[in-house]
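Colleague: Need the 3D shape of this:
(chains A and B)
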Amino acid sequence: GAVVSQHPSRVICKSGTSVKIECRSLDFQATTMFWYRQFPKQSLMLMATSNEGSKATYEQGVEKDKFLINHASLTLSTLTVTSAHPEDSSFYICSARQGQGNYGYTFGSGTRLTVV
Amino acid sequence: GDSVTQMEGPVTLSEEAFLTINCTYTATGYPSLFWYVQYPGEGLQLLLKATKADDKGSNKGFEATYRKETTSFHLEKGSVQVSDSAVYFCALIRLNNAGNMLTFGGGTRLMVKP
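Modeller: Numbers count the residues shown, from 1 in each chain, chains lettered A, B, ... in the order given. I've put the predicted structure just below:
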């Protein structure tokens, strides 16, 4: 079946530094990838939707300059948290979709970001 | 806009008990409905889905029936196991500028005790 690899699974960084999270579709081409943020004991909040080769579409309230998304190929999307602060600490999950149908959403295993 | 509401947890059950996690939705048109499961420290896995009214999705002993008249998609399992302990998310498809995408409910944590 479809597999999405997300890396790293855990990262600790110092306040003010930037962190890059990668999301790769291993055995299919992902026309669209999604980035979610999950707060403790809460649901997933969609941050942005990215289509290969075009600018990401950010949800309302998500800072574009803080959360940089690049979807340079059909198998790779990256999320860079710039100038990270402790309030950016969270669980980030990516999802990749094959085609335009209603199914075929595959999720990565998530990245636990801790900013100290 | 479209939304999904599911019962708040945590739900604590003994092994072999019957499970119901309620989910209702608000949507225009005819959305597809999903249940996802998230085990501790992991991403989401699709558990089951239903694409039209009266469809029943099933997997690993879990079932959910798409009820258009009550706009519900309740998750059930006849006999839960400790390994079922996880967070369960009900979801539907909605449209945004980039096409179809998922909208999640708030999640329900299930804890099964031996």
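Colleague: For the chain, just list every one of the strands.
Modeller: Just so you know, I chose chain A. Counting by DSSP state E, chain A has strands at residues A:4-7, A:10-13, A:19-25, A:32-38, A:44-51, A:57-58, A:67-73, A:76-81, A:90-97, A:105-107, A:111-115.
Colleague: not quite, I wanted chain B
Modeller: Here chain B has its strands, by DSSP E, at B:3-6, B:11-14, B:19-21, B:23-26, B:33-38, B:44-50, B:56-59, B:62-65, B:75-77, B:86-96, B:99-104, B:108-113.
Colleague: any chance of the strands of chain A in TSV, plus mean neighbour count and distance to chain B?
Modeller: In this view, the C-beta of every residue, glycine as well, is placed from N, C-alpha and C. Below are the strands of chain A laid out as TSV (neighbours: other CB atoms under 10 Å in any protein chain shown; distance: least, CB to the nearest CB, whole Å):
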stretch	mean neighbour count	distance to chain B
strand A:4-7	18	7
strand A:10-13	14	9
strand A:19-25	21	10
strand A:32-38	25	6
strand A:44-51	22	4
strand A:57-58	18	5
strand A:67-73	17	11
strand A:76-81	22	13
strand A:90-97	25	5
strand A:105-107	24	4
strand A:111-115	19	8
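Colleague: Let me know whether B:F62 touches B:K77 as I believe.
Modeller: Yes: with contacts counted by CB atoms under 8 Å, B:F62 reaches B:K77, the gap being 4.9 Å.
Colleague: could you dump the strands of chain B to a markdown table with mean neighbour count?
Modeller: Formatted as a markdown table, the strands of chain B follow (neighbours: other CB atoms under 10 Å in any protein chain shown):
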| stretch | mean neighbour count |
| --- | --- |
| strand B:3-6 | 19 |
| strand B:11-14 | 14 |
| strand B:19-21 | 17 |
| strand B:23-26 | 19 |
| strand B:33-38 | 24 |
| strand B:44-50 | 21 |
| strand B:56-59 | 15 |
| strand B:62-65 | 20 |
| strand B:75-77 | 20 |
| strand B:86-96 | 22 |
| strand B:99-104 | 20 |
| strand B:108-113 | 17 |
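Colleague: worst average pLDDT in those?
Modeller: Of all these, strand B:99-104 carries the lowest average pLDDT, namely a mean of 74.
Colleague: Just the residues contacting stretch A:65-76, thanks.
Modeller: For stretch A:65-76, contacts defined as CB atoms under 8 Å, 6 or more residues apart in numbering or on different chains pick out A:22-26, A:29-31, A:33, A:35, A:47-48, A:50-54, A:56, A:58, A:77-83, A:88.
Colleague: cutoff 6 Å now
Modeller: Outside of stretch A:65-76, the residues within contact range by CB atoms under 6 Å, 6 or more residues apart in numbering or on different chains are A:24-25, A:29, A:33, A:48, A:50, A:52, A:56, A:77-80, A:82.
Colleague: Endpoints of that stretch, how far apart?
Modeller: With CA to CA, to the nearest Å as the measure, stretch A:65-76 spans 20 Å from end to end.
Colleague: give the contact list for B:R109.
Modeller: B:9-10, B:87.
Colleague: Swap in 10 Å and give it another go.
Modeller: A:41, B:8-12, B:21, B:38, B:85-88 (CB atoms under 10 Å, 6 or more residues apart in numbering or on different chains).
Colleague: now swap in B:A17 and tell me
Modeller: By CB under 10 Å, 6+ apart, the contact list for B:A17 reads B:11, B:77-80, B:112-113.
Colleague: that older thread, out of the strands of chain A, name the one with the poorest average pLDDT.
Modeller: strand A:105-107 (a mean of 85).
Colleague: Thank you, goodbye.
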